[in-house]
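Visitor: Need coordinates for the following:
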Amino acid sequence: MERKQLNDLFLKRFGPGPTRAFIAPARVNLIGEHTDHQGGYVLPCALHMRSACVVRPRDDGRLRIAASDLPGMVEADVSDLAGYANIPWGAYQIGVAHIMRQRGYHVSGMDMLFDETVPHGSGLSSSAAIEVATAIAIATLSAECAGTEIDLLELALIAQSAENDYVGMNCGIMDQFASAMGKKNHAIFLRCADLSYRYVPVKWVEQSVALMICNTNKPRSLIESAYNKRREECDTAFRAVQEKAGIQYLAQMTPGAFEEYKSMIEDPIALKRARHVVYENDRTVHACELLEKSDFVAFGALMDRSHDSLRDDFEVTGAELDAMVDAARAQKGVLGARMTGAGFGGCAVALVKDKDCDAFIANVSKIYAARTGYTASFYRAQVSDGAREIKDTQDA
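Guide: Presented below is the predicted three-dimensional model:
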C-alpha cells in the first residue's frame, strides 16, 4: 500500500489531521539458524517486505492501535500498559511502548495504523518488523518532544525485550537487529554474544543468481512452546560442558571442542541440539567468507548442510519444509536450499540461477502441492535498508 493510500485509510479510521509514517523491514536469514539465542553468528539481511506504521500524537494519553486489514482497534492508557500481553493483536506494539516508557522515553498518547506486507506465519519475522516500526515511531516523536536520542541498536534491544519479557517469546536478537540495522544490498554478519557486526555486500544480482523465498503457507502451530523447549535443551547442554570447556555460551565451542567434551552431555536430545548449534555456527563463519568472495556454489553447499542439521539434530523443519527443500534441490540451476526462521512451517530459501527461476517456481510448486496439499508462494528477495521514516512522496 502506498503512503497516500495509508494516509487516506488512517484519516478514515482516526479523523483529519497531519500524520507521520515509519517502516521497518522483515528479514531473511541466509544461514546461522538457532544460533542467535546461544551467542552465535548469524547472517541475515533486511527485506523489501515491511511493517508500516502511520502515527499521530494525541494529548489525552490514549494509545489507539489499528490494522489496515482488521476491524476495530485496541485502546490503552499510556500510564498503564502492563496488562495486554495476551490480547489477540496489539501486544507487540503495546509491549514496546511499555518498555520504552520504563526506559525514559516520552511515550505520548497516539493513534497508530499498521499495514503489513510480510506474510504472517512465514518465518520472515513479521513480529520484529511490527516491534521495530513501533519503536522507531515512538523514538522519533520522543526525540522531538523530549530530546531523547534515536539509537537503532537500542531500539532493536527494546523490541527484543518486548518479545521476551512482555509477550513471553524467548527469542534471540537477530530478527530485531536486522530489522533496525539493515542496509540495502548487504547482509549483516552479527555475533549475537556481544552484538559486534559488519556489513557484507550481497552481489548475487551481479552474478545472475537470485535468492528465492519459498513460503510453505503451512500454518505454524506450537511454535512458541517448541522454540522455548529447544532453548531449554540447549541450556542443558551448555551447563554440562560450561566449566570443562571454559565457555560463556554454547556457540563459543569450536567443532573440535565439541567432539572433545560431548560425552559430558548425558541427555541425548540436548547432545543433538548442541551439535547443531556448534556446527551451524562454524558453517556461518565460513559462509560469510564465501559471501564476501561471491562464491555462491560453495555457499549453497553450506545452505544444504544447514538444513540437514536443522532437520536431523535440531528437529525444527517438519514435513512441509522438508518437501519444499527436497523439491528445490532437485531443480536445475539450484545452488543450495534450506529452511529459514524458527521452523515448523514458514519459509525456505534457495539460491537459483536467474535463467532457471521461472522453471524453478513452476516445478517446485507442482511437486510441493502434490506432496503436501498446500499451495506455495514465491518471492525474489530484495535486500532493503532498516527502520526509517518515510515522507509523503515515498512509497511505503
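Visitor: pLDDT weak spots in the stretch 201-350 of the chain?
Guide: 220-224 (pLDDT under 70).
Visitor: pretty sure Ala381 contacts Cys214?
Guide: No. Using Cβ atoms under 8 Å, Ala381 makes no contact with Cys214, being 10.8 Å away. No exception for glycine: its C-beta is placed from N, CA and C like everyone else's.
Visitor: so what's in contact with these two at the same time?
Guide: Common contact partners of Ala381 and Cys214 (Cβ atoms under 8 Å, 6 or more residues apart in numbering): Val349.
Visitor: got the contact list for Ser294?
Guide: 203-204, 206-207.
Visitor: Please report which of those residues has the highest neighbour count.
Guide: Trp204 (21 neighbours; other Cβ atoms under 10 Å).
Visitor: re earlier: how about CSV for the contacts of Ser294, with secondary structure and distance to Gln331 added?
Guide: Shown next, in CSV, are the contacts of Ser294 (DSSP: H, G, I helix; E, B strand; the rest coil; distance: Cβ to Cβ, whole Å):
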residue, secondary structure, distance to Gln331
Lys203, coil, 22
Trp204, coil, 17
Glu206, coil, 22
Gln207, coil, 18
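Visitor: Out of those, flag the one nearest to Val278.
Guide: Trp204 (27.9 Å; Cβ to Cβ).
Visitor: Touching, the closest one and Met212? I think so.
Guide: No. The pair Trp204 / Met212 is not scored as a contact, 10.6 Å apart, by Cβ under 8 Å.
Visitor: Give the bridge partners for the residue nearest to Arg380 when sequence neighbours are not counted, please.
Guide: Once flanking residues are discounted, Arg380 sits nearest to Ala210: 5.3 Å by Cβ to Cβ, 6 or more residues apart in numbering. In this entry, Ala210 is beta-bridged to Val352, by DSSP bridges.
Visitor: the helices in this structure, which residues?
Guide: 3-14, 91-102, 126-146, 152-161, 174-181, 223-245, 255-261, 268-292, 296-312, 319-329, 357-372 (DSSP state H).
Visitor: In CSV: those helices, plus distance to Thr340.
Guide: Shown next, in CSV, are the helices of the chain (distance: least, Cβ to Cβ, whole Å):
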stretch, distance to Thr340
helix 3-14, 28
helix 91-102, 21
helix 126-146, 14
helix 152-161, 19
helix 174-181, 11
helix 223-245, 14
helix 255-261, 23
helix 268-292, 13
helix 296-312, 9
helix 319-329, 9
helix 357-372, 15
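Visitor: Could you look over those and pick the most buried one?
Guide: Across the helices of the chain, averaging neighbours per residue (mean count of other Cβ atoms under 10 Å) puts helix 174-181 on top, at a mean of 30.
Visitor: What residues does Ala82 make contact with?
Guide: His98 are the contacts of Ala82 under Cβ under 8 Å, 6+ apart.
Visitor: what's the average pLDDT for stretch 5-15?
Guide: Computed over stretch 5-15, the mean pLDDT rounds to 94.
Visitor: How much space separates Cys53 from Pro44?
Guide: As judged by Cβ to Cβ, to the nearest Å, Cys53 and Pro44 stand 21 Å apart.
Visitor: more crowded one of these two?
Guide: Neighbours were counted for Cys53 and for Pro44 using other Cβ under 10 Å; Cys53 has more, 30 against 26.
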